[in-house]
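can't give you the sequence, but here's the structure:
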């Protein structure tokens, strides 16, 4: 895992707005945190090489709505983000949370005490995430996290928005077969 310190990291820091004009959905991974990269930035340190879990502060992904921020995280090789939730601040910005769910990125939240265990383990520590049980194993510690149940099920089943809809395909077909009152008559 890699620990990215700080609270209120907005989507413009995750992926600067000037990169949003691309017509392709690919190529964003190398732009992750573009404007803050350098030898001192945690993701550029040797111990962060090959990490696939980000540990972040509170209100991560606040600011403007952009799926590009989620795409950049995923395309940089990250499969999960774990944020700290406090009494005064959520782990994620609302729109970022929904974009993460829509794009299949695990966004987990844990309380301050649990988050401190992850931060203490530090960048480069090995973690194992058990999504069905909502736990993270870090060293000898088991950290619990929260996630919306519907999002959790979609991630476990590998379903995107269309896939979640198609789960109800037979019911939709049945309804459409018996309810044509809104269909044109000619």
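Yes, it's here. Since the structure is predicted, the reported quantities are computational estimates derived from the model, not experimental observations.

So what touches the helix or strand of the chain with the lowest mean pLDDT?
Ranking every helix and strand in the chain by mean pLDDT, DSSP states H and E puts helix 161-166 at the bottom, with a mean of 85. With Cβ atoms under 8 Å, 6 or more residues apart in numbering as the test, helix 161-166 has contacts from 102, 154, 157, 172. For the C-beta atoms, the positions are set from N, CA and C on the backbone; glycine is no exception.

Restricted to helices, list these.
Within the contacts of helix 161-166, residues falling in helices by DSSP state H are 102, 154, 157, 172.

Burial check on the second one, number of neighbours?
Looking back up the chat, that one is residue 154. 19 (other Cβ atoms under 10 Å).

Chain neighbours aside, what residue packs nearest to it?
Among residues not flanking residue 154 along the chain, residue 164 sits closest, at 5.6 Å (Cβ to Cβ, 6 or more residues apart in numbering).

Name the member of the ones in helices among the contacts of helix 161-166 that has the highest neighbour count.
residue 154 (19 neighbours).

ok, that one - contacts?
Residue 154 touches 101, 104, 160, 163-164, counting by Cβ under 8 Å, 6+ apart.

show me where this structure has strands.
2-3, 53-55, 80-84, 106-110, 127-130, 135-138, 141-144 (DSSP state E).

Identify all contacting residues around the fourth one.
Going back to what we said before, that points to strand 106-110. Outside strand 106-110, the residues touching it (Cβ under 8 Å, 6+ apart) are 79-85, 90-92, 96-97, 100-101, 118, 129, 131, 134, 136, 143-147, 151, 155.

please redo it, this time with the cut-off set to 7 Å
If you take Cβ atoms under 7 Å, 6 or more residues apart in numbering as the criterion, strand 106-110 is touched by 79-85, 91-92, 97, 100, 131, 143-147, 155.

check contacts around the residue lying closest to residue 41 once chain neighbours are set aside.
Excluding its sequence neighbours, the residue lying closest to residue 41 (Cβ to Cβ, 6+ apart) is residue 33, at 6.7 Å. The contact partners of residue 33, by Cβ under 7 Å, 6+ apart, come to 13-14, 41, 43.

what does the model give residue 33 for pLDDT?
Confidence at residue 33, expressed as pLDDT, is 97.

Over to residue 184?
65.

Same check on residue 23?
pLDDT, residue 23: 76.

No further questions, thank you.
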